[in-house]
Every structure is written in C-alpha cells, then in structure tokens.
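Undergrad: For reference, the sequence and a predicted model appear below.
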Amino acid sequence: MRSFDVVVVGAGLSGLHTARLLAERDLNVLVVDRRRTLTAGIRTTGIFVRRTLDDFDLPEHLLGPGVRDVLLYPPSRRAPIHLRSDRDEFRVADMAAVYLHASDAAAAAGAQVRLGVRYEHFTKGLLRLAGAEPVRTRFVVGADGARSTVARDLGLGVNRRLLIGAEIVHPVTPDSEPPAFHCVLDPRVAPGYLGWVIDDGRHAHVGVAGTEGAMRSGVRHLLDRFAVDAPGRTAAAGPLERRGGPIPVGGVLRRLACPDGLLVGDAAGAVSPLTAGGLDPCLRLSALAASVTVEYLRTGDQDVLRGYDGGALRARFRGRLAMRRAFGGLRSVAATEAAVALLRGRAGRALAARVLFGDGSFPDVTHVAHIAGLPAER
C-alpha cells in the first residue's frame, strides 16, 4: 500500500495549485480526480480579475484580451449602464489549457497526479478510492468542489447557500470592437443572480446562474431562453461546449481544518458572495493552506491549524454577504428594474464600479498568515 504525506482530492485550480506548493516544500503529494481528462467537466467561465493577474504568474498565451467595459442591463434590456475602467479589469482564460498547465507544474514540482480515480472515503489515515488500491496519508486536502465529500468525512464546514449556473461556449465572429462584459439582471432567467456574455477573443461565454431553489425548474431551459437574444452575443457557429454546476455564495466556511485535513477552493466556500467569482480566492486561499499544512506536518502542533481560520476570513465578507442577501431578494421584474434605476445615479455607479473594479474581492491571506506566524506561499 502506497503512503503519502498529503493527498489532494480534486484537480481543479485550487487543488493543483496547493499540490504544487506542497511538493515544492518536499512533501510527498498525490492528487486524485474522478475525471479522466482535465479538459472535460469544466465548470467555470474562466474570468480572471485584475488583482489576480497582477499577483499571480498566469500564462499570458492562455489569456484572452483585456476587458475594460461592463454593461449592466435591466430586465427590459433597454439603456444599459455602461461602466468603463482605465485598466484591463478582466481576462477570460482557456481553462482547459490552464488546468493542463497547472497539472504539469504540480508534476514538475514532484506531485503525482492520477486521473480517473474517484475518492470514496477517508478515516484513520486510510484513503479509499473506487476501483483502486487504498492509500495511506498523513493529511487530506479537500479540493472537491462546492458539495465536498471530503468536508463531510472530516466533519468540517459544508456549503449551504448555493447558486446553480450554466453556460454555453461557442466561436465568435471576428470583430474589431474591444470585448465587453455584458451582465443582465433579470429574475425571469437568472433569479437571485444574473445572465452574462463575455468572450476571450476566440469564444463567447453565454451563461446564467440563480439561487439553488429557483433554478430547480431547469437551468438549461433558462439558459437557452436567455441565449436567444443575449446582448453582445456574436455567434459564428453553434455551441462547442456546455458547462455548469453549483457555486457557493455563503462566504468562507467557519471550520476549514482539523488534524486530518483541510479544505480549499469551492469546498471551503472561497468564492465572493456577491460576484460569485472564485478563481482569485482559490489561488489566495491555497497559498495559505499550503503554509499551514507544511508547518503542521513539520511540527505536529495542532495550534498551527488555527492559522487557517474561516472566522477571521469571513469578517471581510460581512458587507458582501449583506449585499448578497439583498441581491437574492430581487425576485420580481419591477423590483429589479427599480434596483438598476438606483445604480444610474452617481452613488449607484460608484458602488457598482467598486464591486466590479475594486481590489477587495478576497482578503489578503498574507495578513492572516502573519498573525499565525506563517509564511504566505505563492
């Protein structure tokens, strides 16, 4: 039976980033994922915000053109609010290629990545895998998504507030106009959130998301309904791909770690409650998780795990959690039209620009790491 220092369950961006950082610190790391290929089962649009692009070394050739313009539409789709930044605020990545790049980086650092292997259960140092020999491990990192099985096995926090999202990806007609981010507030197709259109220079992403209960009637039907006349859509051909899945928007979970393991990414609720952006949080939280894991396995001191404190991180989200509740309460067309009308004024536009273009999407984990006496990995 093979033994490892750490097994990372889930080969998404958070899991692979954590695995690379751990392997670079000379830990024996295994990554398992039930997908047979990292280019399948993609659930994110792949929108990276400026703060992430500034702070992390992402492959330039895998990123689409910079997006500076955001158009916010009311349900009527008339007279959108046009917000423009003087900097590139968003870039859409080729996520299939990003995952492959992250997997190669983890492997180059010394981690083993095994695909087509489904996690079943973990108890007393023994990790069971479907159709494969179990392995022994000192520690487990749950990077297995919003409905994490690892979290339940470890007795850690579980995401309770979810959006359900879906999108289609298709080629776009070449256009000389710079790309824009089109956001439609319409409870008829995206109750509690929004519909969107954004492109990466080669493909357009057309999607909707809404609160879990409201989307049970059929997210695919609502997406198809939205896509018929979605603003900014310039399809050159039919859909190449469909994506979708749950998005946690309840904020970082309070209990993220125990002596047997910890959570990262969507499993940890590391997603902006308001914008539902998760790529920046997953990278930042993975850096802190790696530092905590290395120090804990080196010393065996359980007090080190307090440095991975969901309560401390949640404090930063109070305002956004409040706005999430208000946003989720917009269930009628009339109320949504009125809310968009409020954003047309100077104060409303300033608030919208702060949410969309601001630097506060996720806490700076270096501050939390400093309090815990830990280095913050990158």
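TA: Structure's in. What do you need?

Undergrad: all helices for this protein, in order.
TA: 13-24, 50-55, 95-109, 149-154, 219-227, 279-299, 310-314, 318-328, 333-342, 346-357, 365-371 (DSSP state H).

Undergrad: I'd like those helices written out as JSON lines, with mean pLDDT, mean neighbour count and distance to G131 added.
TA: Glycine gets a C-beta too; all of them are placed from N, C-alpha and C. Formatted as JSON lines, these follow (pLDDT from 0 to 100; neighbours: other Cβ atoms under 10 Å; distance: least, Cβ to Cβ, whole Å):
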{"stretch": "helix 13-24", "mean pLDDT": "98", "mean neighbour count": "27", "distance to G131": "20"}
{"stretch": "helix 50-55", "mean pLDDT": "90", "mean neighbour count": "17", "distance to G131": "36"}
{"stretch": "helix 95-109", "mean pLDDT": "97", "mean neighbour count": "19", "distance to G131": "21"}
{"stretch": "helix 149-154", "mean pLDDT": "97", "mean neighbour count": "20", "distance to G131": "16"}
{"stretch": "helix 219-227", "mean pLDDT": "91", "mean neighbour count": "19", "distance to G131": "30"}
{"stretch": "helix 279-299", "mean pLDDT": "94", "mean neighbour count": "24", "distance to G131": "27"}
{"stretch": "helix 310-314", "mean pLDDT": "82", "mean neighbour count": "18", "distance to G131": "33"}
{"stretch": "helix 318-328", "mean pLDDT": "72", "mean neighbour count": "15", "distance to G131": "40"}
{"stretch": "helix 333-342", "mean pLDDT": "91", "mean neighbour count": "15", "distance to G131": "48"}
{"stretch": "helix 346-357", "mean pLDDT": "88", "mean neighbour count": "14", "distance to G131": "45"}
{"stretch": "helix 365-371", "mean pLDDT": "48", "mean neighbour count": "17", "distance to G131": "36"}
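
Undergrad: Could you point out which of those helices sits nearest P75?
TA: helix 333-342 (4.7 Å; Cβ to Cβ).

Undergrad: Please save the CA atoms from the closest one in PDB.
TA: Output in PDB follows, covering the C-alpha atoms of helix 333-342 (Å, rounded to 0.1, in the frame of the first residue of the first chain):
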ATOM      1  CA  VAL A 333     -39.100  42.300 -12.700                       C
ATOM      2  CA  ALA A 334     -40.400  45.600 -11.200                       C
ATOM      3  CA  ALA A 335     -38.100  45.400  -8.200                       C
ATOM      4  CA  THR A 336     -35.100  44.600 -10.400                       C
ATOM      5  CA  GLU A 337     -35.900  47.500 -12.800                       C
ATOM      6  CA  ALA A 338     -36.000  49.800  -9.800                       C
ATOM      7  CA  ALA A 339     -32.700  48.500  -8.400                       C
ATOM      8  CA  VAL A 340     -31.000  49.100 -11.700                       C
ATOM      9  CA  ALA A 341     -32.500  52.600 -11.800                       C
ATOM     10  CA  LEU A 342     -30.800  53.300  -8.500                       C
END
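
Undergrad: Can you check what angle separates it from helix 318-328?
TA: Per axes from the mean of the first three to the mean of the last three Cα atoms, to 10 degrees, the angle that helix 333-342 makes with helix 318-328 is 140 degrees.

Undergrad: Check what contacts helix 333-342 and list those residues.
TA: Residues outside helix 333-342 that contact it (Cβ atoms under 8 Å, 6 or more residues apart in numbering) are 72-76, 81, 185-188, 329-330, 348.

Undergrad: so what's the residue nearest in space to the middle of the chain closest to, chain neighbours aside?
TA: When Cα atoms, centre = their mean is applied to the chain, the residue found nearest the centroid is G278 (2.4 Å). Among residues not flanking G278 along the chain, V271 sits closest, at 4.0 Å (Cβ to Cβ, 6 or more residues apart in numbering).

Undergrad: got the contact list for that neighbour?
TA: 247-249, 277-278, 281.

Undergrad: Next up, the contacts around H101.
TA: Going by Cβ under 8 Å, 6+ apart, the list of residues near H101 reads 59, 62.
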